[in-house]
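A.B. asks: okay, structure incoming, though there's no sequence with it:
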Ligand SMILES: [Zn+2]
């Protein structure tokens with residue numbers, strides 16, 4: 001059934017062509033109606049196909065825009081991941097910096113502690129130095145004229161000398177202690193210098209961490225900027241997706257409208273094809289000539305004919321009746337349509353089974369207006385004259401078979 005419809009649609013272009021060739025030719029009202037319907041159906045079919053194509057394109061476009069949107073959103077997702085990673089790295093770097101800062105602070109505390117020790121040492125040295133100076137001054141007083149006083153204090157020379165020696169001994173000891181303290185201070189100073197050096201190294205390391213952190217922050221800023229740009233792109237793309245979806249919806253509605261028009265035209269066409277009224281039946285009422293008024297035959301049954309120069313067919317299988325394109329063809333006797341198709345040789349052909357092994361065949365038609373299985377009454381229009389298949393001009397090839405053998409149609413019906 002579906003195949004038959006497709007074939008019918010295939011012959012519609014020819015139906016339109018027959019409209020033109022019919023101009024000025026005698027045509028019945030039925031032929032006009034059939035041609036009009038064929039023409040309407042052809043136009044509706046064309047519009048439906050165009051709408052279908054538009055819809056396909058709209059769907060394709062919608063899919064394409066959606067794919068772009070998905071790709072952009074995947075990119076954004078990946079960027080989010082990168083940013084999240086770098087934020088983690090920055091946080092890690094910040095922890096390292098904080099740890100380094102603690103180390104620097106601890107080192108500074110050690111340095112400060114060392115400074116306290118140095119200051120203490122210096123105070124001791126200063127104290128010792130002050131004492132020493134006092135004693136030296138006393139010695140000088142004693143040596144420069146103070147000798148008398150000293151002597152006064154000494155009980156004898158021996159004790160005076162001893163006193164003097166003692167002073168000298170003491171000053172010698174002072175000097176030794178002071179030298180030692182100076183050495184200790186120098187050692188402390190050296191330790192402090194070392195600590196200072198370590199602190200400087202820590203600060204250098206901290207500065208390197210700070211620099212790495214800055215670099216990461218710069219990377220993060222770039223990623224943020226890329227993400228912001230991408231967000232704008234996604235926003236714009238989402239608008240495209242919406243627009244494409246709207247286009248698709250509009251195309252779908254247009255297609256549905258075109259489909260409804262086509263369906264109506266198809267139904268009209270089918271209605272005419274399946275239930276066209278029988279023409280005035282000529283003859284005994286059970287049979288009629290399929291092309292009333294066209295009685296001239298261009299080829300008889302059994303004739304040998306030169307189809308093309310040098311190509312002869314022997315034994316023509318039916319009779320050929322010339323008539324203008326679009327002329328309605330009437331079924332010659334009541335029966336049932338058992339075949340309706342397009343063949344390379346017959347063109348559009350309809351075959352009707354009349355029972356008792358009798359079959360009539362109508363070939364080279366422009367349009368077929370018969371559904372397989374439908375019951376037709378004598379005189380019903382089953383198609384229109386054309387020149388489809390192996391044909392050199394508009395004519396009906398009318399053929400009759402009896403028990404599968406081709407027989408002379410004129411034995412069954414006379415042209416009238
Ligand atoms: Zn023929």
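C.D. replies: Alright, I've got the coordinates. Given the structure is predicted, the values throughout are model-derived calculations rather than measurements.

A.B. asks: going by C-alpha atoms from here, please, whenever you check contacts or count neighbours.
C.D. replies: Fine.

A.B. asks: tell me where the stretch 51-200 of the chain has helices.
C.D. replies: Using DSSP state H, counting those that start in this stretch, the helices of the stretch 51-200 of the chain run over 147-153, 157-275.

A.B. asks: please identify the most buried of the ones you listed.
C.D. replies: With neighbours taken as mean count of other CA atoms under 10 Å, those reach their highest mean count in helix 157-275, at a mean of 16.

A.B. asks: just to revisit the earlier point, mean pLDDT lowest where, among the helices of the stretch 51-200 of the chain?
C.D. replies: Mean pLDDT is lowest for helix 147-153 among the helices of the stretch 51-200 of the chain, at a mean of 57.

A.B. asks: JSON lines for the helices of the stretch 51-200 of the chain, including distance to residue 399?
C.D. replies: Formatted as JSON lines, the helices of the stretch 51-200 of the chain follow (distance: least, CA to CA, whole Å):
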{"stretch": "helix 147-153", "distance to residue 399": "174"}
{"stretch": "helix 157-275", "distance to residue 399": "21"}
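
A.B. asks: I'd like to know which of those lies nearest to the ion.
C.D. replies: Closest approach to the ion among those (CA to the ion): helix 157-275, 23.8 Å.

A.B. asks: list the helices and strands that closest one packs on?
C.D. replies: helix 29-143, helix 147-153 (3 or more CA pairs under 8 Å, 6 or more residues apart in numbering; DSSP states H and E).

A.B. asks: let's see 7 Å
C.D. replies: helix 29-143 (3 or more CA pairs under 7 Å, 6 or more residues apart in numbering; DSSP states H and E).

A.B. asks: run the chain-centre distance for the helix it packs on.
C.D. replies: On the basis of CA atoms, centre = their mean, to the nearest Å, helix 29-143 is displaced by 30 Å from the centre of the chain it belongs to.

A.B. asks: try stretch 396-416
C.D. replies: 63 Å.

A.B. asks: which SS class is the closest residue to the ion within the stretch 201-350 of the chain?
C.D. replies: As assessed by CA to the ion, the ion sits closest to residue 320 within the stretch 201-350 of the chain, at 4.5 Å. At residue 320, secondary structure determined by DSSP: H, G, I helix; E, B strand; the rest coil is strand.

A.B. asks: residue 296 falls within a strand, correct?
C.D. replies: No. Counting by three-state DSSP, residue 296 is located in no strand; its state is coil.

A.B. asks: tell me the domain ranges of the protein?
C.D. replies: 2-28+279-411, 66-249 (automatic domain parsing).

A.B. asks: just to revisit the earlier point, contacts only, for the residue of the stretch 201-350 of the chain closest to the ion.
C.D. replies: By CA atoms under 7 Å, 6 or more residues apart in numbering, residue 320 lies in contact with 297-300, 395-398.

A.B. asks: out of those, which is most surrounded?
C.D. replies: For the contacts of residue 320, neighbours were counted using other CA atoms under 10 Å, and residue 396 has the most, 30 neighbours in all.

A.B. asks: distance of that residue from residue 48?
C.D. replies: Distance of residue 396 to residue 48, given as CA to CA, to the nearest Å: 32 Å.

A.B. asks: ditto for residue 385
C.D. replies: 27 Å.

A.B. asks: between these two, who's got more neighbours?
C.D. replies: Legend: neighbour count by other CA under 10 Å for residue 385 and residue 48, higher for residue 385 (29 against 22).

A.B. asks: ramachandran angles for the more buried one?
C.D. replies: With angles defined as degrees, to the nearest 10, residue 385 sits at phi -70, psi 140.

A.B. asks: that one and residue 321 touch, don't they?
C.D. replies: No. Judged on CA atoms under 7 Å, residue 385 makes no contact with residue 321 at a distance of 9.5 Å.
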